[in-house]
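The following block contains a protein sequence and its predicted model.
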Amino acid sequence: MKFLIVTADDFGLHSAVNGAVERAAREGVLTTASLMVAAPAAADAVRRARELPGLSVGLHLVLADGWSVLPPRSIPALVDAQGRFGNHMVRDGVRFFALPAVRRQLEAEIRAQLQAFADTGLTLDHVNAHKHFHLHPTLLEMLLRIGGEFGIPAVRLPREPGVTGLLSPWLAIMRRRLRAARIAHNDSVFGLSDSGSMDEARLLGILARLPEGVTEIYLHPALESGAAIAASMGGYRHADELAALVSPKVRAAVAACGAATGGFRQSAAARAAELRAA
């Protein structure tokens, strides 16, 4: 079985991101988007998603380099006075593991983001984390435990063939935990090594050798590029990624690659049907 999920991350970050997601879903190969529920343009993203019934939407959990749902007074160990998480992920990862008070605030924020997504009324397709922070074993444990209350159906496994060598032990732990929790996940992902530069040539190369199983390709499309979207994305070619998603050559390659397409929920249903037929 081949199943292809094409995801836009950072839905809600900026109106230019939201416009690109809508165009790529209507005119291109985009099947899925990951929503930042506390980002500045989140309300606009939700409005657009409601008008795109064919677009699967999940939660892009933000615990670094972004905004919290809870006010700073509720989670002072996690965010600054403006309610923004920092970008010191190694330091924060140690704190998440070692400090019970920090973990309590972290649990509260994870629950708040899941609740904020539930409050949109959209069907939850999946959960992943900004900058793949859910690879952290403490965060993953919390996500799976709290996510059980919200019926999380799937989680991104950030395993890119030939790229994730040093992450292999953490990916193995994640896969075991997801399977134990009966949470669906992709088999492979593309986007780690070329984050911000997934142009037409890159997509065509991936599609020409699409592996068996469930593959997710994730991008960061927008109508503008670089720091216009976020200060931390100065080198990102957002507009080139949008162009790739609506490229006639890419559309033809998707049609020719022999894969079914959709979101994580559809991929899980396809896999279950394959197992029943075996």
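Cool, the structure landed. Numbering: from 1, shown residues only.

Only the C-alpha atoms, please, for the lengthiest strand in the chain, written as PDB.
Ranked by residue count, the top strand of the chain under DSSP state E comes out as strand 2-11. Extracted C-alpha coordinates of strand 2-11, given in PDB (Å, rounded to 0.1, in the frame of the first residue of the first chain):
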ATOM      1  CA  LYS A   2       1.100   3.500  -0.800                       C
ATOM      2  CA  PHE A   3      -0.700   6.400   0.900                       C
ATOM      3  CA  LEU A   4       0.400  10.100   0.600                       C
ATOM      4  CA  ILE A   5      -0.300  12.900   3.100                       C
ATOM      5  CA  VAL A   6       0.700  16.400   2.000                       C
ATOM      6  CA  THR A   7       0.700  18.800   4.900                       C
ATOM      7  CA  ALA A   8       1.100  22.500   5.400                       C
ATOM      8  CA  ASP A   9       2.500  23.300   8.900                       C
ATOM      9  CA  ASP A  10       2.000  26.600  10.700                       C
ATOM     10  CA  PHE A  11      -1.600  27.100   9.600                       C
END
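
Just the buried positions in that strand, please.
Buried residues in strand 2-11, counted by 16 or more other Cβ atoms under 10 Å: 3-11. In short, each C-beta sits where N, CA and C put it, glycine included.

neighbours of the closest residue to residue 167 other than its chain neighbours, just the number please.
Leaving aside its sequence neighbours, residue 167 sits nearest to residue 135 (Cβ to Cβ, 6 or more residues apart in numbering; 6.7 Å). Residue 135 has 19 neighbours, counted by other Cβ atoms under 10 Å.

if we can go back for a sec, show me which pair in the buried residues of strand 2-11 is furthest apart.
Largest separation among the buried residues of strand 2-11 by Cβ to Cβ: 3 and 10, giving 23.3 Å.
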